[in-house]
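Chemist: give me a model of this one.
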Amino acid sequence: MRTDAILLRKLAGVAVLSLLSWAAASGYALAQTAGAPAPSTGLMPNPAKGKGLYVQKCASCHGADLNGRDTGSDKGPPFLHRVYEPSHHGDASFQNAVANGARAHHWKFGNMPAVKGVTPDDVAHITAYIRMEQRKVGIN
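Modeler: Predicted coordinates:
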C-alpha cells in the first residue's frame, strides 16, 4: 500500500509540473496577443485585397516581394521566413504589431512603429495575402 501512495504522489507531481509548464507556455502566447485588435465579425479575409493593401502600407519596409528591405531609412524583415510561420507569429501578432508597434526581437531592423490608418479588417486581408505567399514557398 505504501508503494502505491508513493507512486500516486509522484504521478501527481508530474501532472502538476506538466500543468504548470502548459500554463506558462499558454500565458506567453496569450501575452503576445493579449488585447490585439480583431477584424469585423464574419469578415472573410481576401488575399487579393490584401495584396493591394500590402503594397500600399507594408512593402516600403517589408519589400514588394515580401523578402524584406535592408537599405534606406525604411527597413524591415522578410515575411517569407520561417520566423513568421503561423505557429510562431500567429495572425493576432500582425494585428498587434500594426496597432501598437513591435519591439525588435528577431532582427536588427529596430522597433516597428504602429501603422496609422490601417484597420483590423485591412490587417486581416494583408495577413491572408502574406499567408498565401508563405504557403507557396513551403511556410505553413
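Chemist: if I look at the residue nearest to residue 114 when sequence neighbours are not counted, what pLDDT would I see?
Modeler: Distances taken as C-beta to C-beta, 6 or more residues apart in numbering place residue 101 nearest to residue 114, at 4.4 Å, with adjacent residues excluded. In short, each C-beta sits where N, CA and C put it, glycine included. Here the pLDDT value assigned to residue 101 is 95.
Chemist: you'd agree residue 101 is up against residue 111?
Modeler: Yes. Using C-beta atoms under 8 Å as the test, residue 101 is close enough to residue 111 to be in contact (6.3 Å).
Chemist: can you map out the helices along this protein?
Modeler: With DSSP state H as the criterion, the chain has helices at 2-33, 47-57, 59-62, 91-100, 120-136.
Chemist: looking at residue 101 and residue 111, which one has more neighbours?
Modeler: Neighbour totals were compared for residue 101 and residue 111, and residue 101 leads with 12 against 9 (other C-beta atoms under 10 Å).
Chemist: gap between the more buried one and residue 46?
Modeler: 25 Å (C-beta to C-beta, to the nearest Å).
Chemist: equivalent analysis for residue 76, please.
Modeler: To residue 46, residue 76 is 23 Å away according to C-beta to C-beta.
Chemist: what's the residue nearest the centre of the chain sitting at in phi/psi?
Modeler: Nearest to the geometric centre of the chain sits residue 89, at 2.4 Å (C-alpha atoms, centre = their mean). The phi/psi pair for residue 89 (degrees, to the nearest 10) reads phi -120, psi 90.
Chemist: could you report the pLDDT at the residue nearest to it when sequence neighbours are not counted?
Modeler: Spatial nearest neighbour of residue 89, excluding adjacent residues (C-beta to C-beta, 6+ apart): residue 83 at 6.9 Å. With respect to pLDDT, residue 83 scores 91.
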